[in-house]
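Student: Make a model of this:
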Amino acid sequence: NLSVRPRELIANGIDTAILRISLMDVNGNPITIDPSRLSIQTSEDKGTVSQGQMQPATTHKFTYRAGTSAGEVELWTTLDGNVISERETLSLTPGPGSLQRSELRAARDTVFATGTDSTFFTLKLLDENSNEITQGGHNITVGHSNNVGTFGPVLDNLDGTYEFTYAAGNGVGDTTVTAY
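Tutor: Just a heads-up that it's a prediction; the model follows:
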């Protein structure tokens with residue numbers, strides 16, 4: 001029997017889950033074995049498993065440390081190389097949005113200083129490890145490096161992407177648009 005707690009971690013290279021293996025015979029009686037005979041296998045290379053206690057016992061503890069890629073990982077136990085447990089799933093979720101990693105794209109790189117010309121922006125939130133954030137609800141602020149133009153409201157697409165418009169003012173010059 002393999003148990004995984006918690007079943008969801010942030011894909012940050014730091015978070016850990018405790019994996020416990022309880023061994024029993026066909027009658028449900030605990031079995032004591034040498035822990036060097038046990039291992040935990042993973043379906044994806046998205047983290048590492050380390051063994052805790054090294055003395056013979058009926059329950060064995062391992063630690064899973066999350067990698068930095070989001071997704072699902074299946075874990076299972078082997079004894080002397082033979083699979084002895086059902087597969088358990090662990091979810092690695094993106095961390096908080098990162099201003100440095102998130103992608104801000106403009107439909108047009110140039111707008112004319114007419115007071116009415118505009119362009120459309122899309123912000124795609126990514127975490128510090130470039131994992132896509134796939135849910136909405138974040139508080140997004142937009143700004144620019146000088147005071148030539150205005151922004152429309154930020155639309156939350158509820159999937160980790162946000163949209164807004166930038167309307168040029170009458171002043172000529174370069175501006176850097178940011179969203180965070």
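Student: From here on, just use CA atoms for contacts and neighbour counts.
Tutor: Fine.
Student: hang on, isn't Leu104 packed against Tyr180?
Tutor: No: the pair Leu104 / Tyr180 is not scored as a contact, 9.7 Å apart, by C-alpha atoms under 8 Å.
Student: can you list the weak-confidence ranges in the chain?
Tutor: 53-56 (pLDDT under 70).
Student: Please give me every residue in contact with the closest residue to Asp127 other than its chain neighbours.
Tutor: Excluding the flanking residues, the one nearest Asp127 by C-alpha to C-alpha, 6 or more residues apart in numbering is Gly97, at 4.4 Å. Gly97 sits next to Leu125, Leu126, Asp127, Glu128, Ile133 when contact means C-alpha atoms under 8 Å, 6 or more residues apart in numbering.
Student: let's go with 10 Å and repeat that
Tutor: For Gly97, the contacting residues are 124-133, 138, 160, 180, by C-alpha atoms under 10 Å, 6 or more residues apart in numbering.
Student: From Leu75, how far off is Asn1?
Tutor: Taking C-alpha to C-alpha, to the nearest Å as the measure, Asn1 and Leu75 are separated by 12 Å.
Student: Could you look up the SS state of Ser36?
Tutor: The three-state label given to Ser36 by DSSP: H, G, I helix; E, B strand; the rest coil is helix.
Student: For it, the count of nearby residues, please.
Tutor: Per other C-alpha atoms under 10 Å, the neighbour tally for Ser36 reads 12.
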